[in-house]
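> pasting the sequence and the predicted coordinates here, then a few questions.
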Amino acid sequence: MELRRFTQPNKPTNTTTVSNSEIAKWNILDRPLTRSRDELALSTFSFLFAEAVQYLQTRVQQVSELEDKLNQLGYRVGQRALELLYFRERINKREIRIVSILGFIRVQLWKFLFKKSADYLKKVTDREDEYYIEEEEPLVNRFISVPKDFGQLNCAAFMAGIIRGALDSAGFTASVSAHYIHRAESSRRAVSIFMIRLEESVMNRERRLAG
Amino acid sequence: MSSSTSRSSTWNKLGDAAYAKSEKVSADLVALTYGSFVREIIKDYEEPDQVNKELEKLGYNIGIRLIEDFLAKSGVGNCSSFEESAEIISRVAFKMFLGIRATVSNWNNEYNSCSIIFEENPLAEYVELPPEYSNALLYSNMLCGVIRGALEMVQIIVECEFVKDQLRGDDTNEIRIRFKEILQEQVPWNDEE
């Protein structure tokens, strides 16, 4: 009885194309990753993000805790986004120097997620291990107005988390936080910056690489 | 029948137009953010049933705000019936917000309950449920809440339930909608007194 199974002919397959529902039944690892999907409406993201902020807000006591939670939410996105981007764009070069990975995040990763590159990447003067990415109007803050009693809350902490996640999975452990700054004393409009401080181990490696 | 087909194609066009003219973000950003959010909720609630309930509730909060955006941008007028609302959700709203078109089917005899069926789910991209959740977690349950919340704002009270989910091994995704009642318009509460 058992042996007969091997001699039975395969069922004839009359179609060569597979529908999406069939693909979905496969193991997740069998599904194509390169299938680049269409874009989605910005409002879909904004509604989702706003709800996430409200959800997290009910679970914290302080503004700083909320920022930590947003950062953590973004971290998981950043980790995965970097990997996905490498596959999608078939990039087989790994960035090993600080300035190149930060540049990669500022341009490629930003374009991949937000359809634009971030405005500037700058180095903090007289701090070897600190850099910042400057963004005039972070996408996540477009439809968010922060109430007065929330002080300096910057919901772009989520994007800071994305940077931290991407850096971490690229082997650059760092702490990243979002802040508001005024470009000039006179300007009333605040821009956001993502402050990146790299860990000592990363700096040691960088010094070695620099020879 | 011909009038209903022509209405369907009008809705399809409205959906395509609303999708085409909206400002866009990467679908991956939405999928990854949703996943990260679900992960956060699982961390807080642990029990899959509680997570499902919470997802539905959060969806409801989105729905009651999303309806305004939908009515303003889609160009859809008043719906005359529950049947029409279901078609508009699947042909216009799904396209506008999720980039996919769903189909309405499985009407019951009383015409007060139907299914919204969609093959692709942009929220569940790259997702595989771990064994301990695969029979219990309704990963995309937020969608049920969104539909319920949005319809409530146009006086239609429904119950929604995920009955098929590809993440659980089903052949398609199916949300069952049950019509409950139509709310009567009420004079707004006068809060100045």
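Done, it's in. Numbers count the residues shown, from 1 in each chain, chains lettered A, B, ... in the order given.

> number of residues surrounding the residue lying closest to B:Glu23 once chain neighbours are set aside?
Distances taken as Cβ to Cβ, 6 or more residues apart in numbering or on different chains place A:Leu42 nearest to B:Glu23, at 4.2 Å, with adjacent residues excluded. Bear in mind the C-beta positions are built from the backbone N, C-alpha and C, glycine included. The number of residues packed near A:Leu42 is 18, by other Cβ atoms under 10 Å in any protein chain shown.

> all helices of the chain, in order?
As the question left the chain open, I've gone with chain A. Remark: helices assigned in chain A by DSSP state H are A:4-7, A:20-25, A:42-57, A:63-88, A:98-104, A:110-114, A:157-169, A:200-210.

> meant chain B actually
B:2-21, B:27-45, B:48-74, B:82-88, B:94-98, B:142-152.

> output those as JSON lines; include the columns mean pLDDT.
What follows is the helices of chain B, written out as JSON lines (pLDDT from 0 to 100):
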{"stretch": "helix B:2-21", "mean pLDDT": "85"}
{"stretch": "helix B:27-45", "mean pLDDT": "96"}
{"stretch": "helix B:48-74", "mean pLDDT": "95"}
{"stretch": "helix B:82-88", "mean pLDDT": "92"}
{"stretch": "helix B:94-98", "mean pLDDT": "94"}
{"stretch": "helix B:142-152", "mean pLDDT": "96"}
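
> JSON lines for those helices, including mean neighbour count and distance to chain A?
Output for those, formatted as JSON lines (neighbours: other Cβ atoms under 10 Å in any protein chain shown; distance: least, Cβ to the nearest Cβ, whole Å):
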{"stretch": "helix B:2-21", "mean neighbour count": "14", "distance to chain A": "7"}
{"stretch": "helix B:27-45", "mean neighbour count": "20", "distance to chain A": "4"}
{"stretch": "helix B:48-74", "mean neighbour count": "19", "distance to chain A": "5"}
{"stretch": "helix B:82-88", "mean neighbour count": "20", "distance to chain A": "16"}
{"stretch": "helix B:94-98", "mean neighbour count": "24", "distance to chain A": "5"}
{"stretch": "helix B:142-152", "mean neighbour count": "24", "distance to chain A": "8"}
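
> which of those helices sits closest to A:Gly74?
helix B:27-45 (7.5 Å; Cβ to Cβ).

> okay, angle between the closest one and helix B:48-74 too, please.
Orientation check (axes from the mean of the first three to the mean of the last three Cα atoms, to 10 degrees): helix B:27-45 against helix B:48-74 gives 140 degrees.

> identify the residues contacting helix B:27-45?
Identification of contacts with helix B:27-45 by Cβ atoms under 8 Å, 6 or more residues apart in numbering or on different chains yields A:37-40, A:44-45, A:48-49, A:52, A:55-56, A:59, A:69, A:72-74, A:76-77, A:80-81, A:84, A:112-114, B:51, B:54-55, B:58, B:99, B:122-127, B:133, B:137, B:139, B:142.

> my read: A:Arg76 touches A:Gly165, true?
Yes - counting by Cβ atoms under 8 Å, A:Arg76 touches A:Gly165, with 6.4 Å between them.

> so between these two, which is more surrounded?
The neighbour comparison of A:Arg76 against A:Gly165 (other Cβ under 10 Å) goes to A:Gly165, with 25 against 19.

> which residue is the nearest non-sequential neighbour of that one?
A:Gly78 (2.6 Å).

> run a quick neighbour tally on that neighbour.
The tally of other residues near A:Gly78 (other Cβ under 10 Å) stands at 29.

> got it, and the one 10 residues further on?
Residue crowding around A:Arg88 was assessed by other Cβ under 10 Å; the count is 14.

> give the contact list for A:Asp68.
Residues in contact with A:Asp68 (Cβ under 8 Å, 6+ apart) are A:Ala157.

> tabulate the helices of chain B (CSV), appending distance to A:Ser100.
Below are the helices of chain B laid out as CSV (distance: least, Cβ to Cβ, whole Å):
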stretch, distance to A:Ser100
helix B:2-21, 37
helix B:27-45, 23
helix B:48-74, 39
helix B:82-88, 49
helix B:94-98, 36
helix B:142-152, 38
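
> before we move on, the earlier item: in this structure the residue nearest to B:Glu23 contacts B:Lys24, no?
Yes - look at A:Leu42 against B:Lys24 with Cβ under 8 Å: they come within range, at 6.1 Å.

> please report the distance of the closest residue to A:Phe143 other than its chain neighbours from A:Cys155.
Distances taken as Cβ to Cβ, 6+ apart place A:Ser46 nearest to A:Phe143, at 4.8 Å, with adjacent residues excluded. Shown here: A:Ser46 relative to A:Cys155, a distance of 11 Å by Cβ to Cβ, to the nearest Å.

> and these two? Which one has more around it.
Using other Cβ under 10 Å as the criterion, A:Ser46 and A:Cys155 rank with A:Cys155 on top: 22 against 19.

> quick one: residues contacting that one.
Contact analysis of A:Cys155 by Cβ under 8 Å, 6+ apart lists A:49, A:53, A:70, A:140-141, A:144, A:146.

> buried members of the residues you listed into ChimeraX, please.
Buried members of the contacts of A:Cys155, defined by 16 or more other Cβ atoms under 10 Å in any protein chain shown, are picked up in ChimeraX with:
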select /A:49,53,70,140,141
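
> which of the contacts of A:Cys155 come close to chain B?
The overlap between those and the neighbours of chain B (Cβ under 8 Å from any Cβ of the partner chain) comes to A:Phe49.

> among the contacts of A:Cys155, which one lies nearest to A:Val191?
Closest to A:Val191 out of those is A:Asn141 (10.5 Å), distances taken as Cβ to Cβ.

> surely that closest one touches A:Leu153?
No - when contacts are counted by Cβ under 8 Å, A:Asn141 is not listed as touching A:Leu153 (10.3 Å).

> quickly list what B:Ser105 is bridged to.
B:Ser115 (DSSP bridges).

> tell me who's in contact with it.
B:114-115, B:117.

> which of those residues sits closest to chain A?
If you rank the contacts of B:Ser105 by distance to chain A using Cβ to the nearest Cβ, B:Ile117 comes first, at 10.2 Å.

> give me the number of residues near that closest one?
When neighbours are counted by other Cβ under 10 Å, B:Ile117 comes out with 17.
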